[in-house]
Every structure is written in C-alpha cells, then in structure tokens.
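A.B. asks: The sequence and its predicted three-dimensional model are supplied below.
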Amino acid sequence: MLVYLLYSSVFISVCAFALTIETYLLAGLPVSLPMAVFVFLATLFTYNLSSIQSVVLRGSKSQESTQQTWWHRHRKGMAILGLASIGLAAIVYFYYGLQLNFWFVLHLAIISIGYTIPIVYRRKSVKPLRRVPLLKVFLIAYVWAVVTGLFPLLDAGADVLSGESLQLFLRRFLFILALALLFDIRDYSYDKHTRTLTVPGLIGVNYTKLLSLGLLLAYAIIVIISEKGTTEMALLASTIGAALVVMFSSELKPRVYFLLLADGAMLLHALMVFLAKG
C-alpha cells in the first residue's frame with residue numbers, strides 16, 4: 001500500500017493538500033476544503049501526466065513483459081487515475097465556483113504540461129521543459145509556491161501582491177526549491193547520461209547539498225523575521241527536519257528515501273503549523 005501511495009503520486013498530492021491548508025492557517029483565513037481538494041486533484045493529474053502520455057501516444061500494450069519497473073507494470077492504472085483526477089478537479093472548480101483567474105491558471109497549466117510533454121511548434125517537437133538546462137528545479141518550486149501559496153489567497157479574495165502574500169510566496173518557494181534539489185541529486189547519473197545539465201551536474205552533489213541547506217537557512221531567517229510564538233517554532237522545527245533529510249541524502253539512497261522523506265518534509269511542515277494553530 002505504501003509503495004502504491006508513493007509511486008502513484010497520491011502521497012505527494014496529499015502533501016500539496018496539506019500545504020494548501022497550511023497557507024490558510026498562516027494567513028489567518030477560513031480554510032476552504034474545496035480549494036485544497038482541487039489542489040490535491042490537480043497535483044495528482046500533473047504527476048501522472050507521463051503515464052497518460054505513455055498510454056495515449058504509445059498504446060496500452062508495450063514491453064510490460066520485459067520492463068519490470070513498478071511504473072511500467074502500473075502505468076495504465078496511473079493514466080486512468082490521472083485522467084479521473086483532472087475530471088474531478090474540473091467538477092470541484094466549477095461546482096464550488098473557485099475564484100481563480102483563468103489566465104493565472106492557464107500559464108501554470110502550460111508550465112506543468114510542458115514540463116513533461118514536448119511542445120509541438122510549427123510541426124517541430126520542442127523538448128519538454130524538464131530537459132532545459134538548470135530549469136527543472138526552479139519550475140517545480142515556482143509552480144508549487146503559486147499553487148499551494150497563492151491559490152488559496154486568490155480564492156479567499158486576498159491581495160496576492162501585498163507584502164505579506166509575497167513574503168509567504170517567497171518562503172514557500174525557498175522551502176520547495178531546497179527539497180527539489182534533492183531529486184536532482186537522486187537523478188544525477190541519469191541526467192548525466194541523458195546530457196541534461198542540472199545543478200549537481202554544474203556544481204557537484206556536495207555543493208548542491210550546501211546550496212539546499214543555504215536555501216533552508218534563508219527560509220528560516222525570513223520565518224524568524226515574520227513569525228512569532230508557536231508558529232515560528234513549528235516552522236523552524238520543520239526546517240530542521242528538512243535539513244536533516246538534505247544532510248543524509250545521496251545518489252545511493254533508495255528511491256523511497258526521496259519519495260517518503262523529501263516529500264514528507266512538506267507534510268511535516270504543514271502538520272507542525274496545524275498543531276501550532278490548533
């Protein structure tokens with residue numbers, strides 16, 4: 001069950017759900033469960049796009065007898081899960097009348113889809129955004145910071161250009177970016193083989209870990225400046241937890257380490273805030 005939750009992206013979608021709830025709590029706004037569910041479903045769709053692409057473009061039959069990875073054995077099921085999630089997300093969006101600017105959502109959808117699926121322009125296929133040198137982690141951090149940090153504020157009618165909103169966005173961006181770098185460490189050999197330039201490929205794994213820790217330090221400093229009391233302590237405690245995950249990460253760690261602990265650092269982050277606000 002745990003393997004399915006991790007590899008089908010249900011777990012990371014729960015993390016997105018939790019961070020969305022956290023944003024409401026940090027901003028002192030009433031929690032909107034429909035918005036949190038929408039973010040959960042949209043995340044589930046996005047992270048299963050590669051399965052949808054594989055099934056739709058290559059057919060449901062394919063090397064399942066020779067390819068023994070979990071993804072190849074279950075990609076059809078994950079494709080169905082992804083398609084169902086985007087359908088349900090659309091229902092939630094329109095039924096509850098979520099207040100999100102169409103163009104704001106559209107540019108994120110283009111980034112999210114273009115991240116996985118090659119864009120066709122003038123009958124020429126352009127490589128997916130994740131193959132653009134050094135861009136991958138910044139796109140991930142940006143999309144996560146907007147979706148989990150600004151979407152709740154937009155739906156609540158808050159001013160997303162206010163100092164408080166932009167500060168929350170920056171904090172979320174730094175935290176996610178620090179964790180996203182770990183997945184570049186995990187994929188270091190693969191990215192090197194495919195000649196995709198990533199941060200570890202540019203500065204090395206050890207310096208990438210130092211960069212990640214530096215981002216968490218910057219995050220912690222902003223938290224100290226902007227938060228007080230139990231909320232400050234909760235955010236700093238979750239930052240220490242994330243730092244420990246960074247310190248012990250390496251390319252040799254099993255995939256589950258990153259899926260459970262690196263992604264789980266986001267869930268810990270949200271749970272600590274929930275306890276502090278409770």
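C.D. replies: Everything's here; your move. As the structure is a prediction and not an experimental result, all values here were calculated from the model. Numbering: from 1, shown residues only.

A.B. asks: can you map out the helices along the stretch 51-200 of the chain?
C.D. replies: 70-95, 102-116, 136-145, 151-155, 163-186, 188-193, 199-203 (DSSP state H, counting those that start in this stretch).

A.B. asks: will you turn the ones you listed into TSV that also has distance to Val56, mean pLDDT and mean neighbour count?
C.D. replies: The way it works is simple: take the backbone N, C-alpha and C, and place the C-beta from them, glycine included. Below are those laid out as TSV (distance: least, C-beta to C-beta, whole Å; pLDDT from 0 to 100; neighbours: other C-beta atoms under 10 Å):
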stretch	distance to Val56	mean pLDDT	mean neighbour count
helix 70-95	7	89	16
helix 102-116	12	83	15
helix 136-145	23	94	20
helix 151-155	28	95	22
helix 163-186	25	96	21
helix 188-193	24	85	14
helix 199-203	31	93	18
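
A.B. asks: Looking at these, which is nearest to Leu29?
C.D. replies: helix 151-155 (7.1 Å; C-beta to C-beta).

A.B. asks: From the chain's centre, how far out is that closest one? Work that out for me.
C.D. replies: 17 Å (C-alpha atoms, centre = their mean, to the nearest Å).

A.B. asks: Which other helices and strands does that helix contact?
C.D. replies: Judged by 3 or more C-beta pairs under 8 Å, 6 or more residues apart in numbering; DSSP states H and E, the packing partners of helix 151-155 are helix 10-27, helix 33-47.

A.B. asks: related to what we said a few turns ago, save the helices of the stretch 51-200 of the chain as TSV, and put in distance to Met233 too.
C.D. replies: Below are those laid out as TSV (distance: least, C-beta to C-beta, whole Å):
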stretch	distance to Met233
helix 70-95	34
helix 102-116	32
helix 136-145	23
helix 151-155	23
helix 163-186	15
helix 188-193	35
helix 199-203	31
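
A.B. asks: To Ile225, which of the ones you listed lies closest?
C.D. replies: The nearest among those, by C-beta to C-beta, is helix 163-186 at 8.8 Å.

A.B. asks: which residues touch stretch 154-173?
C.D. replies: 19, 23-24, 26-27, 29-30, 32, 35, 98-101, 104, 141-142, 144-146, 148-150, 153, 219, 222-223, 226 (C-beta atoms under 8 Å, 6 or more residues apart in numbering).

A.B. asks: Distance of the spatially closest residue to Ser189 that is not a sequence neighbour relative to Leu182?
C.D. replies: Nearest residue to Ser189 in three dimensions, chain neighbours excluded: Glu251, at 6.4 Å (C-beta to C-beta, 6 or more residues apart in numbering). Taking C-beta to C-beta, to the nearest Å as the measure, Glu251 falls 10 Å from Leu182.

A.B. asks: what's the answer for Thr231, then?
C.D. replies: With C-beta to C-beta as the criterion, Thr231 and Leu182 are 25 Å apart.

A.B. asks: sorry, back to before: what's the residue nearest to Ser189 in contact with, if anything?
C.D. replies: Neighbour list for Glu251: Ile185, Arg186, Tyr188, Ser189, Val205 [criterion: C-beta under 8 Å, 6+ apart].

A.B. asks: And whichever strand or helix holds Ser50, what does it pack against?
C.D. replies: Per DSSP states H and E: Ser50 is located in helix 49-58. Secondary-structure packing of helix 49-58 (3+ C-beta pairs under 8 Å, 6+ apart): helix 70-95, helix 102-116.
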